[in-house]
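Engineer: the sequence isn't on hand, but the structure is:
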């Protein structure tokens, strides 16, 4: 690539964007106005915020004991209700409510009164409340010989008052909470009177108190607050700031007809992408930084004003070092979001269509940002390898001066971020190299016309859109099926559930769509005779690769350990499989998934995705669908790696038969090894050189180091043999290879 060309495109696009008033408003004016206006509005609104009084009805007030007094002159006594609270509690007292002698009658009255707005809460005292309470105090006071009450004397059933409220209504809930605090203070007064009658101090019910001391220093408390706010604002505005310039640079130029002129220039497509990418990343970084500056300045002034008003929000300014860390992180963030926005904008036919694509990107990115804000999520090896989430947690550690954790996880965080940015840039380059993407024509959509087109213009294999639709359909039906179908603890019920899921929810959608949407279902599902040597070598590859797969799965479980509840829930299923005949387990656990999942993911889904023009992208996407269908996260991650290998075999052999052989062998090995090593005393002697048990005495087994090394070497040799097989490319793949060879 020529840096001069990239620089020329970069400066040209920057100049054009700076001439656009809408872009300038979004990038510069809006951040500087948004947060001050929000702060000013908040201060104005707080002037009108006040606590409103609530209406409470008291039923059976004549049944209250004379001492300690709960009601004085139609209000709660000052001893149990301070004046500030008394002003917010307006009482309506019904001393003689003979018709409300039972709890059921009081409940009906309270329900109707609250629903009609006559009151917000109702307190009901039983007719024998004072008598029972007096009897309770008398028995405690009578004692038992040496002054200690007997257990039978203490076990007096005092009828409890009832506090009725509609907790679904905010005002009624507030009345409930206020009244509940008053009743608890009154109950404490009764307890203190009983203690005094027994000549015991009040401290008898609370012999000691717990004093909480915050050992953190004030700068670290400020850093803990800003470390959650600043990275979130940085990422959300970096994404927003990248998307709108990207739409104008791609979809906008399509509408203006200026993109063709740029493509006809001597600059390479990759140079055009990098020039536009630097422009989008620049606006992304500037937008995020201006929003951070405006937010921090407004927050400092606003919290200072609120602290002066006695609200108690003394947050203070963020640490100065946090500015350096945010400036350091803005570069990879802007490049990542800029490349994603550029690739999506290149796919859009118009600016209006491009704006619709912002919501899916936000829906994918926002949960990753929110995940980093959860209290239970910490910077660890597992969370550091989650895109966006790991970066936010890493920034939190840096802002909070937890440099030990930041240094420890810097490599996985920056590696994952750099890898995601590189893949996004490569995706953007592929979008610009494909003219069928750049110059798609706008079309009117009609359901009837679309259905007719699907049937009339069927191809030998499905389109990428149809493959994606099949993959998502399988994910959706399997998700709802897992919620509806309960996994039984006995083997026959478990076998029926697995077979019904595989046949009805995985294989059926692929088979139906292959028949309806393609002209040659056999070619779509790769139902052809493979090279004769590929089947035994696929079996051998599954055997040789299994130790490596087990090692990867164990490392995944070490990084993302499953919870105890998950393990307890799975244990009955494992026990059921251990007790079932081995051939039934192989049939249900190994053979059925091997056939059904290969027909779906390496058949229909992979065949259509190869029309994207990238074999690698087709393998990755089909493996993602294959992985997500596995319920547990740990299983999904290892299934993704296995799916890549099986997809590679499918592409190279052009047949699904070796894939089924590999899948069947792999699942069978997992089942049989678990059965062979299920009991420590029953393990055959020949397994000692191949398998080893965990050092903690558990029944978990793994392969020995020589077996793993031999597994890797033999697997690489077998994969190389499959790689040397000639294979048939799709038209899009041939075109993509020719463009790559002749840029």
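Structural biologist: Right, received. Where do you want to start? All figures in this text were calculated on a predicted structure; none of them were measured in a lab.
Engineer: can you map out the strands along the stretch 101-250 of the chain?
Structural biologist: Taking DSSP state E, counting those that start in this stretch, the strands of the stretch 101-250 of the chain run over residues 121-124, 162-165.
Engineer: again with the chain
Structural biologist: 54-59, 71-72, 75-76, 89-94, 121-124, 162-165, 691-693, 701-703 (DSSP state E).
Engineer: so which of the ones you listed is nearest residue 257?
Structural biologist: Residue 257 lies closest to strand 701-703 among the strands of the chain, at 61.8 Å (Cβ to Cβ). For every residue, glycine as well, the C-beta is placed using N, CA and C.
Engineer: quick one: mean pLDDT for the closest one?
Structural biologist: Strand 701-703 shows a mean pLDDT of 76.
Engineer: tell me what that strand is packed against?
Structural biologist: With contacts taken as 3 or more Cβ pairs under 8 Å, 6 or more residues apart in numbering; DSSP states H and E, strand 701-703 sits against helix 534-559, strand 691-693.
Engineer: flag every buried residue along the longest one.
Structural biologist: It stands for helix 534-559. The neighbour-count check on helix 534-559 (16 or more other Cβ atoms under 10 Å) flags 534-535, 537-551, 553-554, 556-557, 559 as buried.
Engineer: if we can go back for a sec, can you flag the weakest of the helices and strands packed on strand 701-703 by average pLDDT?
Structural biologist: Taking the mean pLDDT of the helices and strands packed on strand 701-703, strand 691-693 comes last: a mean of 71.
Engineer: gap between residue 631 and residue 427?
Structural biologist: According to Cβ to Cβ, to the nearest Å, residue 631 stands 29 Å off from residue 427.
Engineer: more neighbours: which of those two?
Structural biologist: Neighbours per residue (other Cβ atoms under 10 Å) separate residue 631 from residue 427, with residue 427 holding more: 18 against 14.
Engineer: neighbours around residue 194, how many?
Structural biologist: 15.
Engineer: now for the closest residue to residue 267 other than its chain neighbours: which residues touch it?
Structural biologist: With sequence-adjacent residues excluded and distances taken as Cβ to Cβ, 6 or more residues apart in numbering, residue 267 is closest to residue 5, at 4.3 Å. Applying Cβ atoms under 8 Å, 6 or more residues apart in numbering to residue 5 gives the contacts 266-268, 271, 275.
Engineer: what about 10 Å?
Structural biologist: Residues in contact with residue 5 (Cβ atoms under 10 Å, 6 or more residues apart in numbering) are 265-268, 270-272, 274-275.
Engineer: who touches stretch 406-417?
Structural biologist: 325, 329, 332-333, 335-336, 379-400, 402-403, 559.
Engineer: now mean neighbour count, mean pLDDT and distance to residue 43 too, for the strands of the stretch 101-250 of the chain, in TSV please.
Structural biologist: Output for the strands of the stretch 101-250 of the chain, formatted as TSV (neighbours: other Cβ atoms under 10 Å; pLDDT from 0 to 100; distance: least, Cβ to Cβ, whole Å):
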stretch	mean neighbour count	mean pLDDT	distance to residue 43
strand 121-124	26	92	33
strand 162-165	20	93	33
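Engineer: okay if I get these as a markdown table plus distance to residue 703?
Structural biologist: Formatted as a markdown table, the strands of the stretch 101-250 of the chain follow (distance: least, Cβ to Cβ, whole Å):
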| stretch | distance to residue 703 |
| --- | --- |
| strand 121-124 | 67 |
| strand 162-165 | 63 |
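Engineer: any idea which of those gets closest to residue 54?
Structural biologist: strand 121-124 (7.0 Å).
Engineer: for residue 251, give me its contacts.
Structural biologist: So residue 251 contacts 259, 344-355, 357 (Cβ under 10 Å, 6+ apart).
Engineer: scratch that, residue 673 is what I was asking about
Structural biologist: Counted by Cβ under 10 Å, 6+ apart, residue 673 has contacts 546, 550, 687, 690-691, 701, 703.
Engineer: likewise for residue 265?
Structural biologist: Taking Cβ under 10 Å, 6+ apart as the test, what residue 265 contacts is 5, 8-9, 271-272.
Engineer: which pair in the residues you listed spans the largest distance?
Structural biologist: The most distant members of those, if one measures by Cβ to Cβ, are 8 and 272, lying 10.5 Å apart.
Engineer: circling back: closest one of the contacts of residue 251 to residue 182?
Structural biologist: Closest to residue 182, out of all of the contacts of residue 251 and judged by Cβ to Cβ, is residue 355, at 54.9 Å.
Engineer: pLDDT score assigned to the closest one?
Structural biologist: 81.
Engineer: was I right about residue 173 contacting residue 120?
Structural biologist: Yes: with contact defined as Cβ atoms under 10 Å, residue 173 reaches residue 120; the gap is 8.8 Å.
Engineer: distance of residue 481 relative to residue 640?
Structural biologist: 21 Å.
Engineer: check residue 579 too.
Structural biologist: Applying Cβ to Cβ, the value for residue 579 to residue 640 is 31 Å.
Engineer: and what of residue 662?
Structural biologist: Counting by Cβ to Cβ, the gap from residue 662 to residue 640 is 15 Å.
Engineer: so for those two, which sits in the more crowded spot?
Structural biologist: More crowded of residue 662 and residue 640, by other Cβ under 10 Å: residue 662, with 27 against 17.
Engineer: what sits against the more buried one?
Structural biologist: 534-535, 537-543, 545, 594, 598, 642, 645-646, 649-650.
Engineer: just the helices in the stretch 551-700 of the chain please.
Structural biologist: Residue ranges of the helices in the stretch 551-700 of the chain, as given by DSSP state H, counting those that start in this stretch, are 564-579, 582-585, 592-597, 606-609, 615-628, 633-653, 657-676.
Engineer: contacting residues for the residue nearest the centre of the chain?
Structural biologist: Residue closest to the average C-alpha location in the chain (Cα atoms, centre = their mean): residue 367, at 5.2 Å. Taking Cβ under 10 Å, 6+ apart, we find residue 367 in contact with 388-389.
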